[in-house]
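> what follows is a predicted protein model with its sequence.
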Amino acid sequence: MSQRITTADVVKVAKLARLDLDPEAIERTTAQLAGMLEHFADIDALDLDGVQPMNQPYPLTNVFREDIILVGLDREEVLAAAPEAEDGRFRVPPILGLDS
Amino acid sequence: MSESQGTTGSMVYKAGAVTGDEILVDGWELIVGLEVHVELATATKLFSASANRFGDEPNTNIDPVTLGLPGALPVLNRHAVELAMRIGLALNCTIQPSTFHRKNYFYPDQPKAYQISQYDQPINIDGFLALPGGKKIGIERAHLEEDTGKSTHIGGAGGRIHGSDYSLIDFNRAGVPLVEIVSRPDIRTSEEARQYVTELRSILVAIGASDAKMEEGSMRCDANVSVHKPGMPYGTRCEIKNVNSIRSLGRAIDYEMRRQIDMNEAGETVRQETRHWNENDGRTHTLRSKEDADDYRYFLEPDLVPLDPSPEWIQAVRDAMPMLPGARRARLSASTGQPADGEAVMVVVERGQDDYVLEVAAAGGDVGRALIHVKEGFADEGATPTVPAADLAGLTRLEVGGQLTATQAKTVLAEIVANGGGDAAAIAAAKGFEAMDTGALEAMVDQVIADNAAVWSKYCSGEEKAMGALVGAAMKASQGKADGKLVTALLQAKRTA
């Protein structure tokens, strides 16, 4: 299997996605992702010069809503569902150093 | 990791062209590019129907899309797109088909764990903004994205993010439509940076795209600053954030330029980093950034379809555009003969009183005098002064006819403004402002010469400064009624006679 993805790539992506993977999971995930990426080799084999990348599968553009205010969610109800709230706001842990 | 993160990676720095007119500081040239975020003046958010309103009670303008609740889907606000198109057209950009991407990061001001932004296909590209003096600053792109929530840091040193105990989040601002306007690194002085932001602000307000209030955060500015020696590649740049006024922008750029020059002169290396401006100590400070913080893993937003405004829609937006400040200054400059970037034209157009000045001219007034009167006397009036244009026209006609001196005209103007209008001739008569006829004026000047023989002979022997004393004596003798210009002309004529 070619080196389409390394364990170092998986460690980095896991960190960015806040996933805590043990060494065994990293090995397993690397192999699985490498297998998936092999499928893209099939696409690489095609001559795609001049083919526009497809942004999404639906033949749609310009889907809009009008700029009209609608009633949203009730603050007290929403905050009651939050782990912590204070002063009408969501309370969260210190922001810097979260993952250190 | 906040609202002001832009696609700075797309700003291409290349070797500066040697044009021969660089502005150098100790041999170094300053290179600045600006990223300006503006909140659009829509009723609702970019992708949901909650109100876009500043100053409401925290978390009262929230909905499932704003909070990133499972299953909630974004739908694009048509008016936000239209305002983005106005901005593009006002900045001479090309409007192109565009897409939305997810910019992924974990930060509590954005509960979805990504910000929807435009990445490699922004709606507006390749424009420029002309400074009042004529220099064009390139616009690389002006793209749509959503704003983030507002964090308040509690505990630690004075509400700063470092060392805080916890943070409180208000999501009213999350999802508010933004356009990020990225200039090319064409700015060479802090003064040009100030002019750019001032002019951009005037344009945004004129086209109704944003109220562009830096003090309320509806317009925010980050500066990419580097220095280099002419002919050499651009130096490493630092991004300056937390600049909350146009004045601070100039100070921050000047400080950062000096810091980088001093480092280079000392043989040290400038590191690429984000630095925060501190208004209190007047310095920029490095902000410890996490490893990989810039790895946003952009990918196409699967819940939104591409945006592709039709030529008809673009034309309709173009047709509805008001005259822009630059064009208004050019028009007023052409009418009055005053420079387009001169104080009088700049001030009057900024106040939106240029139409009024032109109305005064149309009503038979002298347009040059009208410009000065409006600039000097109408500071407290809005774009539509209460004084009828015909009344100001009447005043300027009396001046042109020599029936009022400049000093008298000022007095009459003050009276007209205070009363919201009035007949200049009647006010002048009531104040006893009778123009001196030429014969009386000449007699008076002769008397002044006789009374000040010593000064007169100095003047006659070529001492030009003596003129001032003679004119002063004439003004005194006439109790201010004499026209200073006429007195000067008479004295000059009598010397050469």
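That came through, no problem. None of the values given here were measured: they were computed from a predicted structure.

> which bits of chain A sit near chain B?
A:12-13, A:15-16, A:18, A:55-56, A:58, A:60-70, A:72-73, A:75, A:78-79, A:86-96, A:98-100 (CB under 8 Å from any CB of the partner chain). Backbone N, C-alpha and C define where each C-beta goes, glycine included.

> against A:Arg75, how distant is B:Glu57?
8 Å (CB to CB, to the nearest Å).

> the two: who's more crowded?
Set B:Glu57 next to A:Arg75 and count neighbours by other CB atoms under 10 Å in any protein chain shown: A:Arg75 wins out with 18 against 10.

> that older thread, intersection of neighbour lists for B:Glu57 and A:Arg75?
Jointly contacting B:Glu57 and A:Arg75 under the rule CB atoms under 8 Å, 6 or more residues apart in numbering or on different chains are A:Gly88.

> and the lengthiest strand in chain A, how far from the chain's centre?
Identified as the longest strand of chain A according to DSSP state E is strand A:89-92. Centroid separation between strand A:89-92 and its chain, computed with CA atoms, centre = their mean, to the nearest Å, is 23 Å.

> what does stretch B:312-324 give?
22 Å.

> what strand or helix carries B:Tyr196?
helix B:190-206 (DSSP states H and E).

> can you name every helix or strand that that helix contacts?
Using 3 or more CB pairs under 8 Å, 6 or more residues apart in numbering or on different chains; DSSP states H and E, the elements in contact with helix B:190-206 are strand B:28-39, helix B:78-90, strand B:124-130, strand B:219-228, helix B:246-265, helix B:325-336.

> and the ones you listed: which comes nearest B:Ile203?
Of all the helices and strands packed on helix B:190-206, it is helix B:78-90 that lies closest to B:Ile203, at 5.1 Å by CB to CB.

> next, the angle from the closest one to strand B:124-130.
50 degrees (axes from the mean of the first three to the mean of the last three CA atoms, to 10 degrees).

> circling back: who does the longest strand of chain A pair up with?
strand A:85-86 (antiparallel), strand B:166-170 (antiparallel) (DSSP bridges).

> who's in contact with the longest one?
By CB under 8 Å, 6+ apart, the list of residues contacting strand B:166-170 from outside reads A:86-95, B:58-59, B:108-109, B:149-155, B:161.

> and if you look at stretch B:414-429?
Applying CB under 8 Å, 6+ apart, the set of residues contacting stretch B:414-429 is B:377-378, B:381, B:386-388, B:391-392, B:394-395, B:397-398, B:403-404, B:408, B:412, B:431.

> low-scoring stretches of the stretch 51-200 of chain B, by residue?
Low-confidence segments of the stretch 51-200 of chain B, defined by pLDDT under 70: B:157-162.

> from the strands paired with strand A:89-92, which stretch is densest packed?
Across these, averaging neighbours per residue (mean count of other CB atoms under 10 Å in any protein chain shown) puts strand B:166-170 on top, at a mean of 21.

> buried ones among the contacts of strand B:166-170?
A:89-92, A:94-95, B:58-59, B:108-109, B:149-151, B:153, B:161 (16 or more other CB atoms under 10 Å in any protein chain shown).

> ok, so of those residues, who is nearest B:Ile23?
For the buried ones among the contacts of strand B:166-170, the nearest to B:Ile23 is B:Ile161 (35.9 Å; CB to CB).

> if we can go back for a sec, only the buried subset of the contacts of stretch B:414-429, as a ChimeraX command please.
Selection of the buried residues among these in ChimeraX, burial being defined by 16+ other CB under 10 Å:
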select /B:377,378,381,387,388,391,392,394,395,397,398,403,404,408,412
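
> filter the contacts of stretch B:414-429 down to the ones in helices?
B:Gly377, B:Asp391, B:Leu392, B:Gly394, B:Leu395, B:Arg397, B:Leu398, B:Gln408, B:Val412 (DSSP state H).

> give me the residue at the spatial middle of chain A.
A:Ala17 (7.2 Å; CA atoms, centre = their mean).

> can you give me the distance of that residue to A:Glu38?
Between A:Ala17 and A:Glu38 the distance is 22 Å, computed by CB to CB.

> list the contacts for the nearest residue to B:Arg78 once chain neighbours are set aside?
In space, and not counting its chain neighbours, B:Arg78 is closest to A:Phe64: 3.8 Å by CB to CB, 6 or more residues apart in numbering or on different chains. Going by CB under 8 Å, 6+ apart, A:Phe64 touches B:Val75, B:Leu76, B:Asn77, B:Arg78, B:Val81.
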